[in-house]
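Asks: this is the structure alone, sequence omitted:
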């Protein structure tokens, strides 16, 4: 289903949105955590179109419960899995780790919700902790739209340099998160 929807996105989305991808050469081979800012509900589509491999997205559990059974089933069919944002969701972390151990990409929006363009990037540490725990790179991605995403809008997706934690300790994960935050904010300044 994911690959069909990705192909459909190229047919339906490309004519109406000018999406530019910068830094594709930075995408690691093998497993990694893709961590991006989150400016709209359109972000997973932008990311899915820009990466050849399937991204297994973590999404807030409310998307699976508040929008009916069909929405939850559809998200699962696309490879999206729920995470409870109000607690340390061990089940979601285990699911993400399982995907990483299989060499997959796990997509995370570490701000914990949508923040409009122009707001400082303040990530929670979960994405960095997930990368550190599993010994995989954390790949920073910045989505910029210069305002609300509307038809014919120019959208830029900038892929930064992947970074690894020194080890799987909490201290290393926090340091990775600091470097990740600094890189996204620097990329955001450069895009202005």
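Replies: The structure has been received and is ready for your questions. Note that the coordinates shown come from a computational prediction; the quantities given were computed from them, not determined experimentally.
Asks: if I look at residue 189, how far off is residue 129?
Replies: Separation of residue 189 from residue 129 (CB to CB, to the nearest Å): 26 Å. (Glycine included, C-beta is placed from N, CA and C.)
Asks: and if you look at residue 114?
Replies: From residue 114 to residue 129 the distance is 22 Å (CB to CB).
Asks: more neighbours: which of these two?
Replies: Legend: neighbour count by other CB atoms under 10 Å for residue 114 and residue 129, higher for residue 129 (23 against 13).
Asks: please give me every residue in contact with that one.
Replies: Counting by CB atoms under 8 Å, 6 or more residues apart in numbering, residue 129 makes contact with 170, 173, 177.
Asks: show the buried residues in those residues.
Replies: 173, 177 (16 or more other CB atoms under 10 Å).
Asks: turn the contacts of residue 129 into CSV, including distance to residue 48.
Replies: Listed next are the contacts of residue 129 as CSV, based on distance: CB to CB, whole Å:
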residue, distance to residue 48
170, 31
173, 27
177, 24
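Asks: where does confidence bottom out across the contacts of residue 129?
Replies: In terms of pLDDT, the lowest of the contacts of residue 129 is residue 170, showing 92.
Asks: next one: phi and psi at that one?
Replies: phi -60, psi -40 (degrees, to the nearest 10).
Asks: show me what contacts it?
Replies: residue 129.
Asks: and the gap between it and residue 59?
Replies: 25 Å.
Asks: over to residue 27?
Replies: 22 Å.
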